[in-house]
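Peer 1: With the input below, show me the fold.
(chains A and B, ligands or ions: 1)
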Amino acid sequence: MTKLRGILTAAAVSLILATGANQVSAAEAEALPPAQDWSFNGLFGTFDRAALQRGYKVYKDVCASCHAMKYVAFRNLVDIGFTEGEAKALAEEYEVAGEPDEFGDPTTRKAALSDIFPAPYQNPQAARAANSGALPPDLSLITKAREHGPDYIRALMVGYEDAPADMTMGPGMNYNVYFPGHQVAMPAPLSEGMVEYADGTEASVEQMAEDVTTFLHWAANPELERRHQIGFQVMVYLILLTGLFLIVKQRVWRKLDH
Amino acid sequence: MAGGPARQYNNRLIRWVEYRMPIFSAVEATIGRDMPTPKNLNYWWSLGSVLFLALIIQIATGIFLAMHYIPNGAMAFDSVEQIMRNVNYGWLLRYVHANGASLFFAAVYLHILRGMYYGSYKAPRELLWIIGVVIFVVMMATAFMGYVLPWGQMSFWAATVITNLFSAIPLVGNGITTWLWGGFAVDSPTLQRFYSLHYLLPFVIFGISLLHVWALHVHGSSNPVGISTRSKQDTIPYHPYYTSKYMSVIGLSFIVLAFLVFYEPNFLSHPDNFKPADPLQTPANIVPEWYFLPFYAILRSIPDKLGGVVMFGASIAILFLLPWLDTSRVRSARFRPTYRYFFWIFVLDVIILGWVGAQHPEGASLLIGRLATAYYFAHFVIILPFVGWFERPRPLPESISKPVLKSGAAVAEAAE
Ligand code: HEM
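Peer 2: Numbers count the residues shown, from 1 in each chain, chains lettered A, B, ... in the order given. Predicted coordinates:
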């Protein structure tokens, strides 16, 4: 009993310490991004295909003019519900550098399924020059590369406000409630009705923020659905197996008592 | 436990091999026929098996990761992303490897605490304990270098912070650091050598574990009562009794690992490590993996760099001396009413250090870190020797088979 009491006390004290610390750091930092009820959360979470396709459209029409996604290829679009033909057509909207011709001169060609999404800038210097000195990060992993993941990305999209009167903003900087330090070089990327959704969904800022975040979370975790699916099978199997081990143990040890 | 007449094996294949190379009898000679084991081992004794399995998992997944991984500063991050996206079940390999390291450390910490609670390090098992601490040190080196391989922001800056510690050594420090780096900063040459060592060291651990097991089987396992086995009545064969008992713990470990891998694969990792390494941008707070946090807290609680490094080293090295710092002749904390309380305070102290290790070293957390560091060392050099001298242990049972003595105190103890 004393052993158990010891463990419980240790756990309780460390819990108090940990939560107390969180409160302190939250008070001095940015507003906490509100937690969303994403379709991909939970043990059986999957991506909403329609949201993914709308999200891709937001990325393609808006974000892609500043942000690259170098780990995603056009062929991956098949995973979010486009047919191979549609994905090919989407790729062919872009011109990319081809092999040099027989005289060694550079050529261009239409992008193919195997190509990654084309980057908006030739190099980081060009990207900075066009964005008040700030570098728009690659978005392929962005929901994994930020605290609070998708909740933060969505909040960032809708978190633009007028700067408080007592705050002096740097040149080209914008006020955002959720961005660390509140001064972000990215201008509010979304505005009402900015994209036209193929499925007729109304393109409110909220809607677009949610859709593009879903798309970005898929881009960062393309294996998520398969992972959840296999995970469930593995968990059921392991729990049954462990139960079986416990029964075997009971049986084997029973021999010892006689 | 060796000896006895030459063993006749039933299995024909075993007989065939044994005749040409007596490997089976050689193994039996060290671990004893049927591996006689104290009959009263509890579930805390299962962790050795879990650790062995964790090592196998790391090696098995690591070898496949290594087939696709590229140890070059310009390509490492990309190659890990290729594993995650374009290698069949690459995400599974990587998530099992990354979370497997956490399982490994969770198991080793419980294993070490088991040793501390039940006094497993006392004579005649001092060398066994020392070999164990060596394994722990090599494990830390392996995991540290593994964490550098994905070449994210935390990889890079953890490598920079930790290798920089060597520069605190007077006179030769900077030279050593440059030599470790293979250049004037952490860069591809550093990554490449870390990769080479990260591949090598697990096999070193494997070798040392064999020594660990060899030393174990000379005197056999200790046990929760802490008195040595006296007769055949005190022991049972390891198989099928402990194999069956510990399979469920292995099952449970797999459940925990699978839950992390499939549902929260990045719960224990830091978001900054999904940003590619950038030597020009220092992260706001450089933190190691959770399993290094207590030691990191000790490192940072000392205001002087060299002092921090020395205390950091001492906090691990002191484990080697534990068999001699603990002056009590009673092994198990069950019979040590005073030590038992200090044991749990020590566990709490390490948890507090872990929390401190994740904070910015300033204000209240810095102060708490300093107090907890002082207590950590006090536990070993003040509390353990003195408690051993002044404590009045409870009466020990006569044997493992007869744990209940006539006296009331011991009856209550056995009921616990
Ligand atoms: C003691 C056993 C081992 C431990 C504790 C260990 C630990 C680690 C850790 C913590 C990482 C970083 C994981 C991440 O954040 O992505 C890593 C990466 C890696 N390890 Fe190991 N490892 C072990 C054995 C091995 C072995 C035996 C090999 C090769 C045969 C290996 C190959 C790799 C490779 C290629 C990576 C980079 C890919 C990646 O980051 O996932 N590891 N290891």
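
Peer 1: ok, residue 155 - contacts?
Peer 2: The chain I'm using is chain A. Listed by Cβ atoms under 8 Å, 6 or more residues apart in numbering or on different chains, the contact partners of residue A:155 are A:31, A:33, A:34, A:148, A:177, A:178. All C-beta spots, glycine's among them, are computed from the backbone N, C-alpha and C.

Peer 1: that's the other chain; I wanted chain B
Peer 2: Per Cβ under 8 Å, 6+ apart, neighbours of residue B:155: B:147, B:148, B:149, B:273, B:277.

Peer 1: Return the distance of it relative to the ligand.
Peer 2: Note on residue B:155: its distance to the ligand, by Cβ to the nearest ligand atom, to the nearest Å, is 8 Å.

Peer 1: And residue B:276, by the same measure?
Peer 2: Where the ligand is concerned, residue B:276 sits at a distance of 13 Å (Cβ to the nearest ligand atom).

Peer 1: How about that residue, nearest residue that isn't a chain neighbour?
Peer 2: residue B:77 (4.5 Å; Cβ to Cβ, 6 or more residues apart in numbering or on different chains).

Peer 1: Now do the contacts for that neighbour.
Peer 2: Residues in contact with residue B:77 (Cβ under 8 Å, 6+ apart) are B:150, B:151, B:152, B:276, B:277.

Peer 1: How many residues are close by the last one?
Peer 2: In this case it means residue B:277. The number of residues packed near residue B:277 is 23, by other Cβ atoms under 10 Å in any protein chain shown.

Peer 1: Ramachandran angles for it?
Peer 2: Dihedral pair for residue B:277: phi -50, psi 130, per degrees, to the nearest 10.

Peer 1: The first one too?
Peer 2: Its backbone dihedrals place residue B:150 at phi -70, psi -10, with angles given as degrees, to the nearest 10.

Peer 1: wait, what's in contact with it?
Peer 2: Counting by Cβ under 8 Å, 6+ apart, residue B:150 touches B:76, B:77, B:80, B:273.

Peer 1: cool, and the third one?
Peer 2: Taking Cβ under 8 Å, 6+ apart as the definition of contact, the neighbours of residue B:152 are B:77, B:272, B:273, B:274, B:275, B:276, B:277.

Peer 1: Looking at these, which are in strands?
Peer 2: Judged by DSSP state E, strands contain none of the contacts of residue B:152.

Peer 1: Spell out which parts of chain B neighbour chain A.
Peer 2: Residues of chain B found near chain A (Cβ under 8 Å from any Cβ of the partner chain) are B:39, B:81, B:84-85, B:91-92, B:236, B:240-241, B:244-245, B:247-248, B:250-252, B:254-255, B:258-259, B:261-263, B:265-266, B:271-272, B:274-275, B:340-341, B:344, B:347-348, B:351-352, B:355, B:359, B:365, B:416.

Peer 1: which of these are buried?
Peer 2: Among the residues of chain B next to chain A, those that count as buried by neighbour count (16 or more other Cβ atoms under 10 Å in any protein chain shown) are B:39, B:81, B:84-85, B:91-92, B:236, B:241, B:244-245, B:247-248, B:250-252, B:254-255, B:258-259, B:261-263, B:265-266, B:271-272, B:274-275, B:340, B:344, B:347-348, B:351-352, B:355, B:359, B:365.

Peer 1: Can you pick out the ones from these that are in helices?
Peer 2: B:81, B:84-85, B:91-92, B:241, B:244-245, B:247-248, B:250-252, B:254-255, B:258-259, B:261-263, B:340, B:344, B:347-348, B:351-352, B:355, B:365 (DSSP state H).

Peer 1: got the residue ranges for the strands in chain A?
Peer 2: Per DSSP E, chain A carries strands over the ranges A:95-97, A:108-110, A:174-175, A:183-184.

Peer 1: same check, this time on the stretch 101-250 of chain B
Peer 2: B:235-237 (DSSP state E, counting those that start in this stretch).

Peer 1: pLDDT value on the closest residue to the ligand within it, please?
Peer 2: Nearest residue of the stretch 101-250 of chain B to the ligand, counting by Cβ to the nearest ligand atom: residue B:146, 2.5 Å away. With respect to pLDDT, residue B:146 has a value of 98.

Peer 1: Now do the same contact list for the spatially closest residue to it that is not a sequence neighbour.
Peer 2: Among residues not flanking residue B:146 along the chain, residue B:198 sits closest, at 5.0 Å (Cβ to Cβ, 6+ apart). Counting by Cβ under 8 Å, 6+ apart, residue B:198 touches B:142, B:145, B:146, B:149.

Peer 1: And for the first one, the neighbour number?
Peer 2: For residue B:142, the neighbour count with other Cβ under 10 Å is 23.

Peer 1: for the second one, same thing?
Peer 2: For residue B:145, the number of neighbouring residues by other Cβ under 10 Å comes to 23.

Peer 1: List the contacts of it.
Peer 2: Contacts for residue B:145 (Cβ under 8 Å, 6+ apart) come out as B:194, B:195, B:197, B:198, B:201.

Peer 1: got those residues as a markdown table, with pLDDT columns?
Peer 2: Listed next are those as a markdown table, based on pLDDT from 0 to 100:
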| residue | pLDDT |
| --- | --- |
| B:194 | 98 |
| B:195 | 98 |
| B:197 | 98 |
| B:198 | 98 |
| B:201 | 98 |
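
Peer 1: Tell me which two of the residues you listed sit farthest apart.
Peer 2: Maximum pairwise distance among the contacts of residue B:145 (Cβ to Cβ): 11.1 Å, between B:195 and B:201.

Peer 1: neighbour-wise, which of these two wins?
Peer 2: A direct count of neighbours by other Cβ under 10 Å for residue B:195 and residue B:201 places residue B:195 higher, at 20 against 17.

Peer 1: Leaving out chain neighbours, which residue sits closest to the closest residue to chain A within chain B?
Peer 2: At 2.6 Å from chain A, residue B:262 is the closest residue in chain B, using Cβ to the nearest Cβ. In this structure, residue B:262 finds its nearest non-sequential neighbour in residue A:231, 2.6 Å apart by Cβ to Cβ, 6+ apart.

Peer 1: That neighbour: neighbour count?
Peer 2: Close neighbours of residue A:231, defined as other Cβ under 10 Å, add up to 18.

Peer 1: Give me the pLDDT for it.
Peer 2: Residue A:231 is given a pLDDT of 98.

Peer 1: Report the buried residues of stretch B:385-403.
Peer 2: So, applying 16+ other Cβ under 10 Å, buried residues of stretch B:385-403: B:387, B:388, B:391, B:393, B:394, B:396, B:397, B:400, B:401, B:403.

Peer 1: One more: stretch B:134-146?
Peer 2: Neighbour counts over stretch B:134-146 (16+ other Cβ under 10 Å) mark B:134, B:135, B:136, B:138, B:139, B:140, B:142, B:143, B:144, B:145, B:146 as buried.

Peer 1: any low-confidence regions in the stretch 1-150 of chain A?
Peer 2: A:1-29 (pLDDT under 70).

Peer 1: where do the helices sit along it?
Peer 2: For the stretch 1-150 of chain A, the helices defined by DSSP state H, counting those that start in this stretch cover A:2-28, A:49-61, A:84-91, A:124-129, A:149-158.

Peer 1: OK, contacts around residue B:275?
Peer 2: When contacts are counted by Cβ under 8 Å, 6+ apart, residue B:275 touches A:137, A:141, A:145, B:152, B:153.

Peer 1: Residue B:13: how many residues sit nearby?
Peer 2: Neighbours of residue B:13 under the rule other Cβ under 10 Å: 8.

Peer 1: sorry, back to before: wait, the residue nearest to residue B:262 touches residue B:264, no?
Peer 2: No. Applying Cβ atoms under 8 Å, one finds residue A:231 not in contact with residue B:264, separated by 10.2 Å.

Peer 1: and stretch B:77-84, anywhere near the ligand?
Peer 2: Yes. Counting by Cβ under 6 Å from any ligand atom, the ligand has neighbours in stretch B:77-84: residue B:80.
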